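Participant: Sharing a model prediction with you, sequence too.
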Amino acid sequence: GDSVTQMEGPVTLSEEAFLTINCTYTATGYPSLFWYVQYPGEGLQLLLKATKADDKGSNKGFEATYRKETTSFHLEKGSVQVSDSAVYFCALSENFGNEKLTFGTGTRLTIIP
Amino acid sequence: KAGVTQTPRYLIKTRGQQVTLSCSPISGHRSVSWYQQTPGQGLQFLFEYFSETQRNKGNFPGRFSGRQFSNSRSEMNVSTLELGDSALYLCASSLGSSSYNEQFFGPGTRLTVL
């Protein structure tokens, strides 16, 4: 079945540091890939997405590129802020009307001033 | 446009009881999915409803059930509660009608089983 393997946390960085959170996936077809973010006490928010190979998703300074050859979708940001502290989830969805999301385990990110 | 709402936000039950959680999707969304989030198992898909029909189901026991009404609102029910059912239950809604639909999540219902 489908699975998502995500870099274990927690991750602690200083403000303005470079961020990478690794994500690799296993899927039978050609899934869509997502990064979701969860702030304390809240539900999940879609951060960015990519629906086909070589697509780059981007939002709020975060980027991730759909790499079919390495089955990866690593999240990056050039300069993190304290407000980026949250839990980040990599996820995939098989296409064609299948709404099921398969999530990674989540990575807790803490940014210190 | 109002987001996904879930009620109640917090719930405390004892073992053996049953519980019903409610989810109101974004207006116009016809698909509602439910997820269980626990520290040990992470986020796991429970089921998805589209136009009042269960369209997809995860690997949970039959104690977990759901339904969707004609206005797309959805409920999930857990019978004979166990301690391990303590979790954050998240609901997500989407249009559900094409090859890719962004899902919007509610704030969740925190269920504690004592």
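Facilitator: Yep, that arrived. The structure presented is a predicted model; accordingly, all values stated were derived computationally and were not measured. Numbering: from 1, shown residues only, chains lettered A, B, ... in the order given.

Participant: who does the residue nearest the centre of chain A bridge with?
Facilitator: With distances taken as CA atoms, centre = their mean, chain A has residue A:35 as the residue nearest its mean C-alpha position (3.2 Å). Going by DSSP bridges, residue A:35 is paired in beta bridges with residue A:48, residue A:90.

Participant: One more: residue B:64?
Facilitator: On the basis of DSSP bridges, residue B:64 takes part in beta bridges with residue B:78.

Participant: Number of residues surrounding it?
Facilitator: Counted with other CB atoms under 10 Å in any protein chain shown, the neighbours of residue B:64 add up to 18. Just so you know, the C-beta spots here come from the backbone N, C-alpha and C atoms, and that holds for glycine as well.

Participant: what do you get for the one 10 residues further on?
Facilitator: When neighbours are defined as other CB under 10 Å, residue B:74 has 25 of them.

Participant: same question, residue A:43
Facilitator: Residue A:43, neighbours per other CB under 10 Å, totals 21.

Participant: Verify the contact between it and residue B:90 for me.
Facilitator: Yes. Counting by CB atoms under 8 Å, residue B:90 is a contact partner of residue A:43 at 5.7 Å.

Participant: shared neighbours, these two?
Facilitator: Residues touching both residue A:43 and residue B:90 by CB atoms under 8 Å, 6 or more residues apart in numbering or on different chains: B:105, B:106, B:108.

Participant: Please give me every residue in contact with residue B:68.
Facilitator: Contact analysis of residue B:68 by CB under 8 Å, 6+ apart lists B:32, B:49, B:50, B:51, B:52, B:53, B:74.

Participant: what's the answer for residue B:105, then?
Facilitator: The contact partners of residue B:105, by CB under 8 Å, 6+ apart, come to A:36, A:43, A:44, A:45, B:4, B:90, B:91, B:92.

Participant: Would you mind naming the helix or strand containing residue B:6?
Facilitator: Per DSSP states H and E, residue B:6 falls inside strand B:5-7.

Participant: and that strand, which residues are buried?
Facilitator: Neighbour counts using 16 or more other CB atoms under 10 Å in any protein chain shown place B:5, B:6 of strand B:5-7 among the buried residues.

Participant: What strands flank that strand, and is each parallel or antiparallel?
Facilitator: strand B:19-24 (antiparallel).

Participant: Please work out the average pLDDT along the partner strand.
Facilitator: When pLDDT is averaged over strand B:19-24, the result is 98.

Participant: which outside residues touch that strand?
Facilitator: The contact list for strand B:19-24 (CB under 8 Å, 6+ apart) reads B:4-8, B:11, B:13, B:32, B:34, B:73-78, B:81, B:89, B:91, B:93, B:106, B:109, B:111.

Participant: All the strands of chain A, residue numbers only.
Facilitator: A:3-6, A:11-14, A:19-21, A:23-26, A:32-38, A:44-50, A:56-59, A:62-65, A:75-77, A:86-93, A:102-103, A:107-112 (DSSP state E).

Participant: Thanks a lot, see you next time.
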